[in-house]
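*Asks:* here you go, sequence then predicted model.
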Amino acid sequence: MQSPSRKFNVLLAFVAVVVTTVVPARAQDWFKTETSTGVDKIRIAAADFKQGSGDSAALKRTFDSVLYADLSNAGIFDLVSKSLLPQATPGAPSEMNVQQWSPAPVSAAMVAFGSATVQSGKLVVNGWLFDTKNVQYPQVLAKQYSEDATDDSARQIAHRFADEIIFRLGGGIPGIAETKIVYVHQAGGSKEIWMMDYDGANQHQITHLGTVSLSPRISPDGTRIAFSSLGKDGWGIRMYSLVLGRLVNFPSFGGTNLSPAWASTGNSLAFSSSRTGDPEIWETDANGNGAHRLTSFRGPDVSPVWNPRTNAQIAWISGRSGLPQVYIMDADGAGVTRLTDIGYATSPSWSPNGQFLTFAWNRKYGPGAPGGQDIYVQEVAPGAGGSYRWVQVTHDSGRCDFPSWSPDGRHIVYASTASGKMEIWSMLADGTQKRRLTTNGGNDMPNWSWK
Amino acid sequence: MPNDHTWTEPDPLGGNFAGSAIVHALVLGGVVAAGFLVHRGSSWGAATAQAGAIQATMVTAIPLPATQRFDKDQVLTSDAPSPAPKEPTPQTIAPPKPDEVPIPVKQPPKPPKVAQQETPAPPKHPQPIQPPKPNVAQTGETSGIRIQQSTMQVTNGTASVAVQDSAFGARYAYYVNVVNRTVAQNWFTREADPVTSVGRSVTIIFDILRDGTPSNVRMGQRSGSPSLDASALHALERVDGFGPLPAGDHITVEYTFHYQPH
């Protein structure tokens, strides 16, 4: 009698293992296919621009490579490899023969081309975007730029032209080629706020406080950076004006004040403050006035983030039930809902369209659990049956933390130890096209600007 | 009867027998005599001194070839090795005087070679004579009639967009494509019940305003599957915008979705 029942138990355990492993995998697959319903990406070719004068060679090279990188990073294009492009480099619509670009192997649906010249100290770039399928009216876009003839302005012109193309072909969502990323860089014993372009270029230091500054958040209009910093009164919220180039006044509240977050209107700031003894979420206006408390429950409450679409909800991390979990509530503190069920979840970021949250999650946290901290994307609204669908977007790439959405909702920037050192990485929101943006180590807590 | 004579007459065999015996005796005697005459005196295995035994003679020295002639100057053939050559004493070479080595004078660049006269253009190959074009239009010669429609295959069917303003559709075909792509990306076909929806088509009509936002969404042709109709409307609800219109105040778009999983 004992042997058959033991066999049955083994069978039962096996079935249980299969069910528990297969069902979540299918759920994830479902989620993923629904966010990409089989629509092909637009195949676009970025021709080398025609060089108008001899001294524009280096600038043109910068322009070509930046434009190519911007279009390939956009996430909505299937970019034609440079080696497949036709020999001719058209510099004007009259030199453009779309018949060369539409057949295989180029098979481009769109071609970006133009010319770059230096005229009396100015870099003049003429750019066009042609639709190769439309022989009668091929022109989609024509732009002219004139800037100082420097490498940096060549880079900026390429970013702007790429953004125009992405805006036209990407369904009206502005591109991110001109956006910035603020982050924390550790040098010696101090951590300062740094800033760079979205592609990792032009890294430069913002603050020189000589202390530890954390969690920078750039304001929606891009003029201020709110961050928390260790001062003589403990951890306080600081405000740095990028226009004035210095710190501006922000009241200190006492206690530990951490992780500020801007509402997308730019008029409200939410942060975690322990002035009452327990870390709770507080809200003030952009100058620190009119502070009022949103949460009142025993246990730490940190890392708030507004729903950028409506500003009617706040997601944050709460330890009221033990390990930190993601919660959302209405902006007045009502309607608290817990989103994550298990593990150790930190640092949420809300997608610009309001549909998704991304956060760092260690689903198997605890002694003896082989957990790794990875980036996850979860739907804010529960699906059928009241369960929240989520998908893991980083796998086996060290400890990943501090995800932050790009303003177009297609990218996520995060910090990871995948290369051995703490660096800033960016990827598409589905986890593909991971790229390292920094190389010198000690870079952490990125935050993507709003535009 | 000659036969009688033959059979009855006795054969005269006695003389023939005698003659045969004599001939045989003569041949035999000739053979024996020839053996005696030809091979007389010599016989095999006789004990004579000339019989073929090998004679070995012990010698005191091996007869080596004579010493070869050698030349004193030839190092390789001499018995006495030649002494090693003396190492030459290093000699210091006096450095050249400052003005000894002439500094090369930079030559002016050579003038480019210019041909005496320009290369004449290559002769033209004889061109085939083009036949005069017929007066009637032929298939494929004129550009096809443009239909302002964009169709694309997606996971669960075919999505197509038609713009009612035909001039807009021809001029801004890329925009029509963007509209189709954006709606298809936001259409979650799992919302439609596959049992009742397979093989059905739904058409929705909407306007796109100047800033690219969809408005006035309405059903054009119902599919007969309520879930498919609802999923079409939900797709439009998810779209924030298609980007500003390249021209015009607004356009009206018919969007048709044919649900056919493949």
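*Replies:* Thanks, I have it.

*Asks:* got any ranges where chain A has weak pLDDT?
*Replies:* Low-confidence segments of chain A, defined by pLDDT under 70, are located at A:1-38.

*Asks:* could you list the domains of it?
*Replies:* With domains defined by automatic domain parsing, chain A comprises A:42-169, A:180-448.

*Asks:* is the shortest one anywhere near chain B?
*Replies:* Right, domain A:42-169. Yes. With Cβ under 8 Å from any Cβ of the partner chain as the criterion, chain B is reached by domain A:42-169 at A:42, A:110, A:131, A:133-137, A:140, A:167-169. (Glycine included, C-beta is placed from N, CA and C.)

*Asks:* give me the neighbour count for the residue lying closest to residue A:155 once chain neighbours are set aside.
*Replies:* Closest residue to residue A:155 apart from its sequence neighbours, by Cβ to Cβ, 6 or more residues apart in numbering or on different chains: residue A:66 at 5.1 Å. The number of residues packed near residue A:66 is 23, by other Cβ atoms under 10 Å in any protein chain shown.

*Asks:* how far does the one helix or strand residue A:66 maps to sit from its chain's centre?
*Replies:* Secondary structure assignment for residue A:66, by DSSP states H and E: helix A:57-73. In terms of Cα atoms, centre = their mean, to the nearest Å, the centre of helix A:57-73 is found 22 Å from the chain centre.

*Asks:* partners of whichever helix or strand comes after it, with directions?
*Replies:* For helix A:57-73, the following helix or strand on the C-terminal side (DSSP H and E) is strand A:77-79. Paired strands of strand A:77-79, with direction, are strand A:42-46 (parallel) (DSSP bridges).

*Asks:* residues in contact with the strand it pairs with?
*Replies:* Contacts with strand A:42-46, where a contact means Cβ atoms under 8 Å, 6 or more residues apart in numbering or on different chains, come from A:64, A:67-68, A:71, A:76-80, A:85, A:101, A:106-112, A:165, A:169, B:177, B:181.

*Asks:* run through who's touching the helix or strand following that strand.
*Replies:* Note on strand A:42-46: by DSSP H and E, the next helix or strand toward the C-terminus is strand A:50-51. Strand A:50-51 is contacted by residues A:57, A:60, A:89-92, A:95, A:113-117 when judged by Cβ under 8 Å, 6+ apart.

*Asks:* before we move on, the earlier item: roughly how far does the residue nearest to residue A:155 sit from residue A:153?
*Replies:* From residue A:66 across to residue A:153, the span is 11 Å (Cβ to Cβ, to the nearest Å).

*Asks:* before we move on, what about residue B:220?
*Replies:* Applying Cβ to Cβ, the value for residue B:220 to residue A:153 is 50 Å.

*Asks:* ok, those two, which is more surrounded?
*Replies:* residue A:153 (19 against 13).

*Asks:* what about stretch A:403-414, start to end distance?
*Replies:* Terminal residues of stretch A:403-414 are spaced 4 Å apart (Cα to Cα, to the nearest Å).

*Asks:* oh, I was asking about stretch B:241-256
*Replies:* Distance across stretch B:241-256, first residue to last, is 18 Å (Cα to Cα).

*Asks:* and stretch A:316-335, by the same measure?
*Replies:* End-to-end distance for stretch A:316-335, by Cα to Cα: 13 Å.

*Asks:* got a list of contacts for it?
*Replies:* With contact meaning Cβ under 8 Å, 6+ apart, stretch A:316-335 is reached by A:272, A:281, A:283, A:293-306, A:311-315, A:336-341, A:343-348, A:357, A:359, A:365, A:378, A:380.

*Asks:* so which of the residues you listed belong to strands?
*Replies:* Taking DSSP state E, the ones among the contacts of stretch A:316-335 that sit in strands are A:272, A:281, A:283, A:293, A:301-306, A:313-315, A:337-338, A:344-348, A:357, A:359, A:378.

*Asks:* can you give me the strands in chain B?
*Replies:* Using DSSP E, the strands of chain B run over B:149-154, B:157-163, B:201-208, B:214-221, B:251-259.

*Asks:* quick one: the fourth one to chain centroid distance?
*Replies:* Mean C-alpha position of strand B:214-221 versus that of the full chain (Cα atoms, centre = their mean) differs by 59 Å.

*Asks:* go on, the first one?
*Replies:* Taking Cα atoms, centre = their mean, one finds strand B:149-154 lying 40 Å from the centre of the chain it belongs to.

*Asks:* and the contacts of stretch A:71-78?
*Replies:* Residues outside stretch A:71-78 that contact it (Cβ under 8 Å, 6+ apart): A:40-44, A:46, A:79, A:112, A:162, A:165-166, A:169-170, A:175-177, A:198-199, A:410-411, A:428, A:433, A:435.

*Asks:* extract the CA atoms of that stretch and return them as PDB.
*Replies:* Taking C-alpha atoms only, stretch A:71-78 is exported to PDB below (Å, rounded to 0.1, in the frame of the first residue of the first chain):
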ATOM      1  CA  LEU A  71      18.000  56.200 -35.400                       C
ATOM      2  CA  SER A  72      19.100  52.800 -34.300                       C
ATOM      3  CA  ASN A  73      18.500  53.600 -30.600                       C
ATOM      4  CA  ALA A  74      15.000  54.900 -31.300                       C
ATOM      5  CA  GLY A  75      13.500  51.400 -31.100                       C
ATOM      6  CA  ILE A  76      11.000  51.900 -33.900                       C
ATOM      7  CA  PHE A  77      13.300  51.500 -36.900                       C
ATOM      8  CA  ASP A  78      14.900  48.600 -38.700                       C
END
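
*Asks:* just how off-centre is it within its chain?
*Replies:* Mean-position distance between stretch A:71-78 and its chain equals 15 Å (Cα atoms, centre = their mean).

*Asks:* what comes up buried for it?
*Replies:* Residues of stretch A:71-78 classed as buried by neighbour count (16 or more other Cβ atoms under 10 Å in any protein chain shown): A:71-77.

*Asks:* again with stretch A:302-317
*Replies:* A:302-309, A:311, A:313-317.

*Asks:* can I get those in CSV including distance to residue B:66?
*Replies:* Shown next, in CSV, are the buried residues of stretch A:302-317 (distance: Cβ to Cβ, whole Å):
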residue, distance to residue B:66
A:302, 113
A:303, 111
A:304, 116
A:305, 113
A:306, 117
A:307, 118
A:308, 114
A:309, 117
A:311, 121
A:313, 120
A:314, 119
A:315, 115
A:316, 116
A:317, 112
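
*Asks:* what's the most distant pair in those residues?
*Replies:* Checked with Cβ to Cβ, the buried residues of stretch A:302-317 reach their widest spread between A:302 and A:309, with 22.6 Å between them.
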